[in-house]
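Chemist: Here is my input; please provide its structure:
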Amino acid sequence: MSLDAVLSRIDADLDAATARLFELLRIPSISTDPAYDGDVAKAADWLAAELTGLGFEASVRPTTGHPMVVAHGAELAVGAGPHVLFYGHYDVQPVDPLELWRRDPFDPVIEEQNGKRVIRARGAADDKGQLMTFIEACRAWKAETGALPAQVTIFLEGEEESGSPSLVPFLEAQADELRAEVALICDTGLYADGVPGIVTQLRGMLQEEITVTGPRIDLHSGMFGGVAMNPIRVLNRVLANLHDDHGVIQVPGFYDGIPELDPELKAQWDGLGFQAETFLGPVGLSHPAGEAGRSGLEMIWSRPTAEVNGIWGGYTGAGFKTVLPSEAHAKISFRLVAGQDPERLREAFRDWVTAQMPPDCSVAFTGHGASPAGMMDTSHPIFEKTRAALSEEWPTEAAYIGCGGSIPVAGYFKTILGMDSVLAGFGQDDDAIHSPNEKYDVESFHRGIRSWARVLGKLSNT
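Modeler: Numbering: from 1, shown residues only. As a prediction, the model looks like this:
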């Protein structure tokens with residue numbers, strides 16, 4: 001069977017695959033710092049050269065920011081599998097504070113951590129190690145069979161860690177070239193050690209900053225306290241009204257259009273054995289604070305949230321200053337789920353806050369980010385094929401899971417390219433992405449390559 005030979009090739013080639021990953025990790029492709037622009041371009045060139053060497057038609061595409069890498073493998077494809085678009089990003093986060101690293105962040109090494117072999121370097125898990133799992137899977141198929149079992153296009157971004165300013169214009173301009181049946185994204189993690197997951201739900205985001213203004217200047221609390229309205233008092237009341245005693249968000253219409261969790265999916269989640277108390281324990285908490293009657297995973301993955309991220313006003317320096325402030329401020333973020341319209345909710349939230357202003361107080365709003373949630377249509381056969389492939393590779397059966405955070409590119413693939421995304425990654429919670437001493441388990445790298453090889457095999461039933 002071809003797949004068995006491909007998997008054996010991956011096992012035998014692991015040291016060489018790791019050496020190739022180390023070459024990429026040595027390039028300090030920090031996209032947020034202009035001082036590293038040349039290194040970002042160097043990483044793009046390195047990847048394009050690797051893909052060209054595998055037989056892809058690969059090129060580096062300039063943008064107004066950092067370049068994209070696009071590679072087409074139509075000439076490599078055999079079989080009747082679907083056309084898939086693989087996405088990863090080759091840029092990395094800054095390494096500050098450098099003094100907290102135990103070694104040079106761009107001098108990769110294999111170390112022991114908690115009884116496991118890990119690859120230590122900036123970008124090892126986010127996202128160079130992850131994207132290289134797919135490229136190495138393609139390499140093994142090509143080396144063993146001379147072809148790929150499906151038509152593959154590879155799209156690698158160089159600005160993910162700096163907000164992807166060029167992504168949407170690039171996707172819009174190159175939509176016909178990049179469109180496929182489904183996207184594969186490797187920028188997520190395992191559900192737990194040895195437990196793979198396919199993210200099918202991504203929460204969206206809405207961010208609002210509010211400023212409540214009362215008197216035109218700060219006032220002496222002895223002279224004006226009790227008779228003048230204090231904006232902090234008003235703001236506190238608004239924020240306290242945001243949730244009821246059961247954790248339900250009180251903005252009118254906030255839950256309109258939100259579907260209940262599919263019973264089959266809920267059963268999968270319940271089978272993961274998640275305990276909110278255990279999850280909260282390491283951060284010094286013990287009681288879930290979301291909607292009463294919901295499981296912990298529902299609170300994180302499939303229910304919306306409203307959180308106050310910052311409050312300020314008045315005098316906050318050393319000592320004491322007895323003033324009634326002229327202004328009070330807060331920053332509030334909402335994590336959204338499928339069925340919620342960010343802009344409609346922004347308007348509803350602003351109306352709700354404005355209606356609570358007493359005489360002599362006004363409120364102003366500053367809008368920040370707004371992006372819709374994503375829910376993948378798992379009826380496409382590739383989802384079950386991917387789940388089966390991961391279940392065959394890892395010790396525990398793969399599950400469809402949610403993600404409390406947001407991965408905007410998956411939403412853009414849906415809205416611009418019209419396709420769903422299979423999000424399967426192999427990171428661990430302790431990989432310290434964006435932090436000093438980032439690592440990627442050697443097992444994650446090895447099994448990740450084997451996983452994508454199995455997925456590619458499933459696409460043509462090889």
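Chemist: in the sheet, who's paired with Tyr440?
Modeler: With DSSP bridges as the criterion, Tyr440 is bridged to Ile119.
Chemist: is it true that it touches Ile119?
Modeler: Yes. The criterion here is C-beta atoms under 8 Å, and Tyr440 meets it with Ile119 at 4.7 Å. C-beta here means a position set from N, CA and C on the backbone, and glycine is covered the same way.
Chemist: quick one: which of these two has more around it?
Modeler: Taking other C-beta atoms under 10 Å, Tyr440 and Ile119 do not tie; Tyr440 has more neighbours (31 against 25).
Chemist: per-residue confidence for that one?
Modeler: Predicted confidence (pLDDT) for Tyr440: 98.
Chemist: what does the one 10 residues further on give?
Modeler: pLDDT, the model's per-residue confidence, is 98 for Arg450.
Chemist: tell me, what residue is most central in this structure?
Modeler: The residue lying closest to the centre of the chain (C-alpha atoms, centre = their mean) is Ile407, at 3.9 Å.
Chemist: distance of the residue lying closest to that one once chain neighbours are set aside from Thr366?
Modeler: Of all residues not flanking Ile407 in the chain, Leu202 sits nearest, at 5.4 Å (C-beta to C-beta, 6 or more residues apart in numbering). Per C-beta to C-beta, to the nearest Å, Leu202 is found 25 Å from Thr366.
Chemist: what about the two, which has more around it?
Modeler: The residue with more neighbours, out of Leu202 and Thr366, is Leu202; 30 against 11, by other C-beta under 10 Å.
Chemist: thinking again about what came up before, need phi/psi at the residue nearest to the centre of the chain.
Modeler: Dihedral angles of Ile407 (phi, psi; degrees, to the nearest 10) stand at phi -130, psi 90.
Chemist: Isn't it up against Ala183?
Modeler: No. The criterion here is C-beta under 8 Å, and Ile407 misses it with Ala183 at 11.1 Å.
Chemist: Can you classify Gly402 by secondary structure?
Modeler: Three-state call for Gly402 (DSSP: H, G, I helix; E, B strand; the rest coil): strand.
Chemist: and the next element down the chain from the host helix or strand of Val363?
Modeler: Taking DSSP states H and E as the criterion, Val363 maps to strand 362-371. Scanning forward in sequence from strand 362-371 by DSSP H and E, the next helix or strand is strand 374-375.
Chemist: ok so, going back, residues that sit against both of Tyr440 and Ile119, list them.
Modeler: Gly129 (C-beta atoms under 8 Å, 6 or more residues apart in numbering).
Chemist: all strands of the stretch 51-200 of the chain, in order?
Modeler: Counting by DSSP state E, counting those that start in this stretch, one finds strands in the stretch 51-200 of the chain at the ranges 57-61, 68-72, 83-89, 109-113, 116-120, 151-157, 182-185, 197-202.
Chemist: centre of the chain versus the fifth one, how much separation?
Modeler: Put plainly, it is strand 116-120. Here the centre of strand 116-120 is set off from its chain's centre by 22 Å, with C-alpha atoms, centre = their mean, to the nearest Å.
Chemist: would CSV of the strands of the stretch 51-200 of the chain with distance to Gly339 and mean pLDDT be doable?
Modeler: Shown next, in CSV, are those (distance: least, C-beta to C-beta, whole Å; pLDDT from 0 to 100):
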stretch, distance to Gly339, mean pLDDT
strand 57-61, 35, 98
strand 68-72, 32, 98
strand 83-89, 25, 97
strand 109-113, 41, 97
strand 116-120, 40, 98
strand 151-157, 28, 97
strand 182-185, 22, 98
strand 197-202, 11, 94
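Chemist: Name the residues that touch the helix or strand hosting Asp39?
Modeler: Assigned by DSSP H and E, Asp39 falls within helix 37-53. Applying C-beta under 8 Å, 6+ apart, the external contacts of helix 37-53 come out as 20, 23-24, 27-31, 58-60, 66-69, 71, 90-91, 135, 154, 156, 158.
Chemist: Buried only: go through those for me.
Modeler: Among those, the ones that count as buried by 16 or more other C-beta atoms under 10 Å are 20, 24, 27-31, 58, 60, 66-69, 71, 90-91, 135, 154, 156, 158.
Chemist: What residues sit buried inside stretch 185-196?
Modeler: Buried, per 16+ other C-beta under 10 Å, within stretch 185-196: Ile185, Cys186, Asp187, Thr188, Gly189, Leu190, Tyr191, Val195, Pro196.
Chemist: How far does that stretch stretch from one end to the other?
Modeler: 14 Å (C-alpha to C-alpha, to the nearest Å).
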